Each structure stands twice: as structure tokens, then as C-alpha cells.
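K.L.:
Mind folding the following:
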Amino acid sequence: MPGGWEELVTSALLGTERRTPPGCEPGPNAPVALLDAAALETVRRRAGLRPAQAAERLEPAPRDPRPPLPSAAARRLTMLLTDRPGSAGGSRRGTAPDLMELLPQWLAMANASGFAAPAEALPALLDAARGRTDLRAAALAFAGPRALWLARLNPEWRFALRSTPGGGTTLPSPEESVKTHRLWQEGLFAERVALLSSIRSREPAAARELLATTWATERAEDRLMFLDSLRTGLGPGDEPFLEAALADRSRNVRATAAELLSALPGSALAARMAVRASACVAVDHTRDRPTIVVEAPHECDADMERDGVVPKAPTGRGERSWWLGQLVEAAPLGTWGPRLGGRTPAEIVELPVADDWQSELHAAWCRAAVRQRNAEWARALLGAPTAPEAGGPGAVSLAERAKLLGTLDAAERAGWVAGFIATHGLSEAFQLLGVCAVPWSEPLGRAVVDALEIARDAGSYPWSFSGVMGLAERCLDPSEADRLNGLLAIPDEPEDASPGAGGYWAEAFQRLVTTLRLRAAMADELNATQNPT
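P.N.:
Numbering: from 1, shown residues only. Next up is the predicted model:
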């Protein structure tokens with residue numbers, strides 16, 4: 001009957017006392033008559049459907065060739081993925097480890113061991129990665145090719161396609177030159193970026209030559225992204241291409257090309273910057289002691305702009321100091337020894353600088369040391385970790401110190417930070433600890449624990465150190481757990497201590513020990529030789 005289904009739905013919503021269904025008598029039997037009519041109409045509607053064409057059968061999920069997880073590790077993964085942080089308010093976390101915070105470390109160990117993710121865990125793993133961008137790279141590496149297969153079926157997991165180079169597209173092998181050039185000419189932007197990055201990692205010159213074939217016709221935003229891929233494997237052979245890019249019509253492309261050239265100490269741009277910077281900095285021997293004097297540029301000419309110097313200074317910054325910083329930052333650090341009397345970097349940074357130019361000059365040297373990965377200059381600018389303010393003459397901020405530390409090897413970096421903490425405590429150490437290799441070395445771990453113990457004995461609450469405590473749970477070597485047993489008891493509180501602080505500290509140390517032992521168990525499970533799942 002035309003409109004019959006709609007009439008039945010309306011009667012059901014309004015009630016049979018208010019709206020009698022079509023063809024039914026009012027009264028107590030109307031509800032039963034409504035259900036009978038609905039059943040009849042359902043059969044009628046289904047019988048009238050024409051068979052639809054069957055959908056194409058899905059391609060099977062790709063096989064993951066990696067070995068399966070040991071069964072204990074698979075159970076641990078399920079626990080980590082299903083854990084939800086407690087909802088209790090306040091700053092008190094209790095003694096239970098935060099399992100979700102251990103998931104990144106578990107994924108790193110599983111990936112290092114080369115295991116495949118259990119198929120049944122993939123949905124939860126993708127859900128976790130969807131909610132936490134810091135997990136995505138490791139989670140997708142562990143999930144393997146089946147994650148991309150699932151992501152194509154569920155819109156909520158499409159981030160996996162965006163996070164994978166080329167959107168999960170299979171790239172041609174190095175021998176397939178015809179397919180390579182076709183993909184470069186006709187592929188989507190993400191596919192082309194992935195292709196260029198892949199070739200660059202294997203054959204830097206071949207990637208640069210491929211980019212040159214279409215460079216003139218690329219959009220400005222695409223040129224910028226492609227140019228950024230040259231950071232991998234950057235070498236002298238890239239100089240002619242980058243030098244030509246200094247004349248690009250896009251300011252951002254020009255700036256990136258100049259930055260890359262300045263990271264090549266032997267480049268013509270670096271030499272030009274060295275001449276300009278040297279003209280601004282000299283040693284004055286007429287004073288009581290040799291002093292660095294600075295004469296900042298008075299203008300930013302067209303040649304400086306072409307070489308990447310940005311003429312307009314940020315708000316609140318003087319133009320001349322802005323130009324000086326860019327010149328010094330881009331000049332090869334090898335310029336300064338001969339220019340400043342054959343002195344070593346350590347001797348140079350110890351020289352006084354006239355007219356309040358020291359912070360500007362040293363900050364520029366800091367940026368140059370980071371860009372050029374120069375460990376000798378980084379050491380000089382960092383100074384001794386025990387120095388006043390622990391920054392040395394060149395570290396104008398914690399961020400600068402952290403970047404300088406990144407130029408040192410892991411052992412030296414950890415040793416410097418350990419010395420910093422031993423002298424200055426933990427109040428400024430969080431950012432510095434973030435650049436140290438995991439697990440922390442024994443001296444660094446001991447310095448952190450000793451500083452936490454000192455803070456506890458001072459009688460303050462542990463919440464102001466929660467960031468460092470959280471790092472310790474993830475980064476302290478699990479073998480340190482037994483050494484912490486002496487800190488699990490509630491200490492005697494001094495008279496001026498915050499009420500109950502000792503109990504909170506005992507809780508925090510108990511959680512730290514429990515977490516370290518859990519991390520040790522996780523490693524043992526991944527190394528187990530038991531029967532896999």
C-alpha cells in the first residue's frame with residue numbers, strides 16, 4: 001500500500017489510542033493489529049527488492065613475515081592497550097605504574113626485536129595511535145602492512161595512511177627506472193615525497209637529479225618540501241643545485257637553500273658569510289686585556305638577502321643585531337680561530353665582548369654550533385656544568401643548552417647533565433634530561449636519584465618534581481630498582497616540612513620501583529624463547 005510503512009511508523013510513535021493503524025479497528029486489539037500489519041509490510045518490502053550486484057571481494061590482508069610475539073609479551077601488550085589512567089582528582093597518583101606511559105617504550109623494544117603485532121591487537125593499537133600522535137611512528141612500524149590494510153577500511157584510522165610515506169603506496173625498486181620516473185611525473189604529492197626521500201636515503205645524487213628534472217614547474221610549496229628532503233645526505237655535490245635555488249622566486253625556498261648551504265662549511269655561500277661576519281668581529285688589543293669588539297652591519301643589501309639574510313627584524317629586536325646574528329650563525333665556525341688570533345673555541349668564548357654584544361654574539365655561535373654539528377664549539381659554549389648558572393658563556397636559555405648537548409655523544413651528554421644536576425639540582429634539569437639517551441647511564445641515574453632524595457629530605461611535596469619523576473620511571477635503568485629500596489619507607493619529617501610530604505614521597509618512590517621492575521619484566525618477556533602465540 002502506498003505510504004503504508006510510514007503510516008504504521010506514525011501510529012507506533014503516537015500510540016494506537018491516538019492514531020489507529022490503517023485497516024485496524026480501534027480498541028484493545030489495535031496494538032496487536034499494528035504489529036501484525038508491520039510484519040506483513042516488512043515481508044512485502046523485502047519481497048519487492050531486486051537483487052543487487054555483489055560487492056567486490058576484499059583483497060586479503062597482506063602477510064606479515066616477521067616472527068610472532070612470545071605469548072607473555074602478547075599478554076603484556078593487551079594489558080598496556082587496555083589500561084586507562086585513573087580518574088581520581090588531585091596530584092596524588094598512588095603507587096600503581098601508568099601503563100599507557102610505558103607503551104611507547106614497549107613498542108620501541110618490540111620493534112628492535114623485529115616482532116610482528118598480533119592480528120587481534122591491531123584495532124586497539126590503531127585506536128591508541130589515533131589518540132596519541134607520539135605513538136604513531138612506533139605503533140605503525142610494529143603494526144606492519146596490515147595496519148594500512150585496515151586503515152583503508154575504517155575512516156577513523158586514515159591517519160595511518162597519512163603518516164606513512166606515500167600513503168602506503170609500494171614504491172618501485174631502485175632497478176625499476178621507468179616506474180620511478182613515471183611515479184615522479186604522475187604520482188600524487190605524498191607519493192612523490194616518499195619516492196624522493198627513499199631515493200635520497202640510498203643515492204643522494206640520483207634524488208637530486210630526479211628533482212632537477214621538474215624543479216622549474218613545481219609549485220612553491222612543493223619546491224619547499226622537496227628541498228627539505230635534501231637534508232638527508234647533504235654534501236658538497238648539492239651545492240650547485242642549492243646555489244641556483246638562492247634565486248628562487250619563493251622567499252621560503254631561498255631561505256631553506258641558504259640554510260642548507262651554510263651547513264656546508266666549504267660552500268661559496270659559507271665563504272661569503274665568513275667574509276661578512278669577519279668584517280663585524282675583531283679583537284681589540286689596546287685594552288687592559290684582549291677584548292672582542294663588534295661593529296654590526298649598517299644595512300642589509302641585496303646580496304645579503306639573496307644569501308638568506310632576512311632584512312626585517314622581529315618586533316622588539318634591533319635591525320643591526322638581527323643582521324649580525326644571521327651572519328655569524330651562517331659563517332663556518334672555522335672562521336673564528338684565524339680571525340681572532342689563532343685562539344681555540346674555549347679561549348674565544350672566554351674573551352670579554354665590548355658594548356653588551358656578548359649575548360648576541362654567543363647566541364649566534366650557539367646556533368652555528370648546532371647547525372654545523374660542531375662538538376668542540378658546543379663544549380666551549382656550554383662551559384663546565386658546575387659553572388655559575390651552569391650555562392657557560394654562550395647558553396642563553398635552557399633550550400640553547402639542550403640543543404648544544406645534542407651535538408655531543410650520548411656518554412658525554414649524560415655526564416654533563418649529571419654534573420649539572422649534582423651542582424644545581426633538578427629545578428632546571430627537565431629539558432636537559434629530555435636529550436639524554438635511554439636508559440640513562442649509571443652516573444646520570446644516580447645524580448637524578450640523589451637530587452630527588454635531597455628534595456625529599458628538604459620536606460617539600462614531590463609534586464613540583466613530578467615531571468622528573470615521570471622521566472625517571474621511563475628512562476632510569478631498570479637495574480637501579482634494588483638500589484631504591486632504602487627510599488620506600490616514610491622518612492622522619494623535619495619540623496618545617498609540609499604536612500604528610502614524607503608519605504607522598506614514599507608513594508612516589510614505590511611507584512618508581514614498581515615501574516622499573518615492570519620494565520625489566522617487559523624486556524624479559526620480549527626476549528623469551530617460549531612458544532609464541
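K.L.:
Pretty sure Gly237 sits against Glu209.
P.N.:
No: if you go by CB atoms under 8 Å, Gly237 and Glu209 don't touch, sitting 10.1 Å apart. Every C-beta, even on glycine, is put in place using the N, C-alpha and C of the backbone.
K.L.:
what ranges do the helices span in the stretch 351-500 of the chain?
P.N.:
Using DSSP state H, counting those that start in this stretch, the helices of the stretch 351-500 of the chain run over 358-371, 375-382, 398-405, 410-424, 430-433, 442-457, 466-475.
K.L.:
buried set for the following helix or strand past the last one?
P.N.:
So that's helix 466-475. Once the chain leaves helix 466-475, the next helix or strand it forms, by DSSP states H and E, is helix 501-526. By neighbour count on 16 or more other CB atoms under 10 Å, the buried set for helix 501-526 is 501-502, 504-513, 515-516, 518-519, 522, 525-526.
K.L.:
Which residue ranges make up the domains of the protein?
P.N.:
As recorded under automatic domain parsing, the domains making up the chain are 4-45, 71-79+99-163, 177-264, 265-406, 409-533.
K.L.:
what sits up against stretch 448-458?
P.N.:
With CB atoms under 8 Å, 6 or more residues apart in numbering as the contact definition, stretch 448-458 has outside contacts at 421-422, 425-426, 429, 433, 440, 462, 465, 468-469, 472, 476, 480, 483-484, 487, 491, 497, 501-502, 505, 509.
K.L.:
Show me which of the residues you listed are buried.
P.N.:
421-422, 425-426, 429, 433, 440, 462, 465, 468-469, 472, 476, 480, 484, 487, 491, 497, 501-502, 505, 509.
K.L.:
For the stretch 51-200 of the chain, which residues score under the pLDDT cut-off?
P.N.:
84-94, 163-171, 173-174 (pLDDT under 70).
K.L.:
Check the stretch 251-400 of the chain too.
P.N.:
In the stretch 251-400 of the chain (pLDDT under 70), the answer is 388-396.
K.L.:
picking up where we left off before, which one of the helices of the stretch 351-500 of the chain lies nearest to Ile292?
P.N.:
Of all these, it is helix 358-371 that lies closest to Ile292, at 7.1 Å by CB to CB.
K.L.:
tell me the pLDDT at Pro201?
P.N.:
Slight slip there: residue 201 is Ser, not Pro. Note on Ser201: pLDDT of 89.
K.L.:
which SSE is it in?
P.N.:
Counting by DSSP H and E, the element that carries Ser201 is helix 189-202.
K.L.:
Tell me the helix or strand right after that helix.
P.N.:
Immediately after helix 189-202, counting by DSSP H and E, sits helix 204-214.
K.L.:
tally of neighbours for Phe159?
P.N.:
The local packing of Phe159 (other CB atoms under 10 Å) involves 16 other residues.
K.L.:
re earlier: pull out the buried positions in the helix holding Ser201.
P.N.:
Neighbour-count burial for helix 189-202 [16+ other CB under 10 Å]: Ala190, Glu191, Arg192, Val193, Ala194, Leu195, Leu196, Ser197, Ser198, Ile199, Arg200.
K.L.:
ditto for stretch 218-237
P.N.:
By 16+ other CB under 10 Å, the buried positions in stretch 218-237 come out as Glu218, Arg223, Leu224, Phe226, Leu227, Ser229, Leu230, Gly233, Leu234.
K.L.:
now stretch 134-149
P.N.:
Leu135, Arg136, Ala138, Ala139, Leu140, Phe142, Ala143, Gly144, Arg146, Ala147, Leu148, Trp149.
K.L.:
can you list those in TSV and add distance to Val448?
P.N.:
Below are the buried residues of stretch 134-149 laid out as TSV (distance: CB to CB, whole Å):
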residue	distance to Val448
Leu135	25
Arg136	29
Ala138	25
Ala139	28
Leu140	32
Phe142	29
Ala143	34
Gly144	36
Arg146	40
Ala147	36
Leu148	40
Trp149	43
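K.L.:
Alright, I will stop here.
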